[in-house]
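Engineer: Sharing a sequence plus its predicted fold:
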Amino acid sequence: GGLKAAVLYLTSASERDVNDLGESLKLLDRHLQRVFGPYPVVVFHDGLSDSQMGRLLNQTSGHLVKPSFELISLSMPPDGGGPLEVHDKYLGYGMGYRGMCRFFSGGVYDHPAVRSLDYYMRLDVDSFLLKDFEYDPFAYLHGEGKVYGYLTTGVEAGEFAIDLWPTVQAYLRSRNLPPRLPPRFSDADGRWDLSFYYTNFEVSRVDIWRSDEFKGLLSWLDAAGGFWGYRW
């Protein structure tokens, strides 16, 4: 069989996000699905109404693929903050946004809709494809033996990365792994330089995020509480 791949979204129930998602789905159908697809489309959400889902299904009635909808919780688990005091807002970001950060850092890869996939593409609701793909991104990663594809990088504000790198270093030492980063992501002293991959468009192999090493890191980060305390 061919590659098992899907396109993943996560939306809130706000009208703005639902309207953006409708536009993004239209462009996805035009510029990926009709050129190299069709691939399944999964829309995770934390509370779309039946009428909103019905509207999106109506809008995609002429598409090669209609989205499937998966309800998830973005609420903080009882011990999610670890030792940190967690506030409803952190520098303007609510709990839902931080729940999204945590979901796409780990929970998504064990979700039944994703577990059986070889590859996924993540798009935000306001990720708009403006022209046809020149190649199938899933087939490209597979053919080249690559594990991750992205559009661009940025530099994180320090307020959203408090204690993140020391926590990662501590985990790496606990596994007898070298606590360092590639030069392109570190400063002259070997510390993380706060650069990151923008994830509003990414393509990745799924199995790398289900390794024992990564799951161990995720547990270590969860125990530190930074997803909820600092919007890691």
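Structural biologist: Arrived safely, thanks for sending. Numbering: from 1, shown residues only.
Engineer: Adjacent strands (with direction) for the lengthiest strand in the chain?
Structural biologist: Secondary structure of the chain per DSSP state E: the longest strand is strand 5-11. When pairing is defined by DSSP bridges, strand 5-11 lines up against strand 41-45 (parallel), strand 119-123 (parallel).
Engineer: ok, the residue lying closest to residue 207 once chain neighbours are set aside - contacts?
Structural biologist: Leaving aside its sequence neighbours, residue 207 sits nearest to residue 118 (Cβ to Cβ, 6 or more residues apart in numbering; 7.7 Å). C-beta: built from backbone N, CA, C; applies to glycine. When contacts are counted by Cβ atoms under 8 Å, 6 or more residues apart in numbering, residue 118 touches 3, 4, 5, 138, 142, 205, 206, 207.
Engineer: Turn those into JSON lines, columns for pLDDT and distance to residue 161.
Structural biologist: Below are the contacts of residue 118 laid out as JSON lines (pLDDT from 0 to 100; distance: Cβ to Cβ, whole Å):
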{"residue": "3", "pLDDT": "92", "distance to residue 161": "34"}
{"residue": "4", "pLDDT": "97", "distance to residue 161": "34"}
{"residue": "5", "pLDDT": "98", "distance to residue 161": "31"}
{"residue": "138", "pLDDT": "98", "distance to residue 161": "31"}
{"residue": "142", "pLDDT": "97", "distance to residue 161": "32"}
{"residue": "205", "pLDDT": "97", "distance to residue 161": "26"}
{"residue": "206", "pLDDT": "97", "distance to residue 161": "26"}
{"residue": "207", "pLDDT": "95", "distance to residue 161": "27"}
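Engineer: Neighbour-wise, which one of these leads?
Structural biologist: residue 138 (27 neighbours; other Cβ atoms under 10 Å).
Engineer: Now residue 159. Nearest residue, chain neighbours left out?
Structural biologist: Counting by Cβ to Cβ, 6+ apart, residue 91 is the residue found nearest to residue 159 once chain neighbours are left out, at 5.7 Å.
Engineer: The one you found against residue 231, yeah?
Structural biologist: Yes. Taking contacts as Cβ atoms under 8 Å, residue 91 lies within contact range of residue 231: 7.3 Å.
Engineer: The two: who's more crowded?
Structural biologist: residue 231 (22 against 10).
Engineer: how far away is that one from residue 8?
Structural biologist: Distance, residue 231 to residue 8, by Cβ to Cβ, to the nearest Å: 21 Å.
Engineer: Point to the residue nearest the middle of this protein.
Structural biologist: residue 104 (3.7 Å; Cα atoms, centre = their mean).
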